[in-house]
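Asker: mind folding the following:
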Amino acid sequence: MRLTRSGEYAVRCILYLCSQRTGEVCSRKQIAREMDIPYEFLGKIAQDLARHGLVELVQGSKGGLRLLHSPHEITLLDVVEAINGEIGLNDCVVRPDSCRRSPTCTVHRVWLEARSQVRDTLRRATFARLLDQGTCLASPEDGKP
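Answerer: Numbering: from 1, shown residues only. Purely as a prediction, here's the structure:
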């Protein structure tokens, strides 16, 4: 399993929004610049995040993105699965009917256990917790942590 580029950018976007004041609208340009996300790519990611109820897209000259939940309520799992779909690791986990051996397959059981552990780890990682532990908000060129 590897996180896609869009998943990585979505995590950066939500991390940035969580670091702002509650209810603040942040422009796409601001987010793209601060988090090293290609501007056009951020537009598509923002639509996916909005479709999953994580952000609101605010139209107009002072428009942008607004976070719809507290950083305590949003997890890495929410963001990753909003962009990349449910984590599966293998087809037999996502679609058990895809393999007639799944009910008795010992490898299938390992895939299920691994998937559960990955999802649990991502579910425990709230954005509030990530911010409390320090973040990668500043780029290395800024000389900030």
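Asker: give the next helix or strand downstream of the helix or strand containing residue 33.
Answerer: Per DSSP states H and E, residue 33 falls inside helix 28-35. Next along the chain after helix 28-35, taking DSSP H and E as the criterion, comes helix 39-51.
Asker: which other helices and strands contact the lowest-mean-pLDDT helix or strand in the chain?
Answerer: Every helix and strand of the chain was ranked by mean pLDDT, DSSP states H and E. The lowest is helix 91-94, at a mean of 87. Here helix 91-94 touches helix 106-124, going by 3 or more CB pairs under 8 Å, 6 or more residues apart in numbering; DSSP states H and E. For every residue, glycine as well, the C-beta is placed using N, CA and C.
Asker: report all helices and strands that the helix it packs on contacts.
Answerer: Applying 3+ CB pairs under 8 Å, 6+ apart, we find helix 106-124 packed against helix 76-84, helix 91-94.
Asker: can I get whatever helix or strand comes next after that helix in CSV, CA atoms only?
Answerer: Counting by DSSP H and E, the next helix or strand C-terminal to helix 106-124 is helix 127-132. What follows is helix 127-132 as a C-alpha-only set of coordinates in CSV (Å, rounded to 0.1, in the frame of the first residue of the first chain):
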residue,chain,number,x,y,z
PHE,A,127,-5.3,16.3,13.2
ALA,A,128,-5.4,17.9,16.6
ARG,A,129,-2.9,15.3,17.8
LEU,A,130,-0.7,15.9,14.8
LEU,A,131,-0.7,19.6,15.4
ASP,A,132,0.1,19.1,19.0
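Asker: can you name the residues that contact the residue lying closest to residue 44 once chain neighbours are set aside?
Answerer: The shortest distance from residue 44 to any non-neighbouring residue, by CB to CB, 6 or more residues apart in numbering, is to residue 6 (7.4 Å). Residues counted as contacts of residue 6 (CB atoms under 8 Å, 6 or more residues apart in numbering) are 41, 44-45, 48, 83-84.
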